[in-house]
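Student: Quick one: sequence and predicted model below, then my questions.
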Amino acid sequence: QVQLQESGPGLVKPSQTLSLTCTVSGGSITTRNYYWSWIRQPPGMEMEWMGAVDFRGSTYSNPSLKRRTSISRDTDKNQFTLQVRSVTPEDTAVYYCAMKQGTVVGTTPDEYGYWGQGMQVTVSS
C-alpha cells in the first residue's frame with residue numbers, strides 16, 4: 001500500500017519561498033504510470049491542483065501557478081518536493097501530496113486515489 005507524508009514548515013513569511021517534501025513509502029516514485037501531485041485547499045475554497053512529477057521525471061504545472069512553482073524529485077530518497085516562490089497570505093492552505101495511476105497526469109483532485117494526510121501552511125509575518 002502506497003503511503004505519502006508531507007513535511008515542511010507550517011509558517012512562512014510573505015515574499016519567502018515555501019518548500020514542502022512528500023516522502024513516499026510502500027512504492028517507488030519511478031513505478032511506471034504513477035503520477036505524483038501537489039494539491040492545496042485554501043480556507044473556504046475548493047481544492048486546487050498545483051502540479052505534478054511523473055514516473056519518468058517529467059513535470060507538469062497548473063498554468064495559473066507556473067510562474068511561482070517548481071516540482072522536483074529525489075529518487076534516492078523516494079521523495080518529491082514543491083517550491084512556491086514569493087508567497088503571499090493567499091498561499092495559506094492545507095497542502096496535500098497525492099498519487100494517481102494511469103497513462104496521463106491528472107489535473108483534478110478526484111482523479112487521485114492515494115493522499116497524504118495534509119499539512120497546514122500559513123503565510124504570515
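Tutor: The structure has been received and is ready for your questions.
Student: Show me the strands in the protein, by range?
Tutor: 3-7, 11-12, 18-25, 34-41, 48-54, 59-61, 69-74, 79-84, 93-101, 114-115, 119-123 (DSSP state E).
Student: The fourth one vs strand 119-123, what angle?
Tutor: Same thing as strand 34-41. Relative orientation of strand 34-41 and strand 119-123, computed by axes from the mean of the first three to the mean of the last three Cα atoms, to 10 degrees: 50 degrees.
Student: which residues are in contact with strand 34-41?
Tutor: With Cβ atoms under 8 Å, 6 or more residues apart in numbering as the test, strand 34-41 has contacts from 20, 22, 24, 27-29, 47-55, 71, 73, 80, 82, 93-102, 104-106, 109, 112, 118. To be clear about C-beta, it is placed using only N, CA and C from the backbone, and glycine gets the same treatment.
Student: what does the fifth one give?
Tutor: When contacts are defined by Cβ under 8 Å, 6+ apart, strand 48-54 is touched by residues 29, 34-42, 59-62, 65-66, 69, 71-73, 80, 82, 93, 105-109.
Student: hang on, the earlier thing: redo the strands of the chain as CSV? Include mean pLDDT and mean neighbour count.
Tutor: Shown next, in CSV, are those (pLDDT from 0 to 100; neighbours: other Cβ atoms under 10 Å):
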stretch, mean pLDDT, mean neighbour count
strand 3-7, 98, 17
strand 11-12, 98, 16
strand 18-25, 98, 19
strand 34-41, 98, 23
strand 48-54, 98, 21
strand 59-61, 97, 17
strand 69-74, 98, 16
strand 79-84, 98, 21
strand 93-101, 98, 22
strand 114-115, 98, 17
strand 119-123, 98, 17
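Student: Check the gap between the most centrally placed residue in the chain and Ser125 for me.
Tutor: In the chain, the residue lying closest to the centroid (Cα atoms, centre = their mean) is Trp38, at 2.0 Å. To Ser125, Trp38 is 24 Å away according to Cβ to Cβ, to the nearest Å.
Student: do Lys13 as well
Tutor: Lys13 is 5 Å from Ser125, where distance means Cβ to Cβ.
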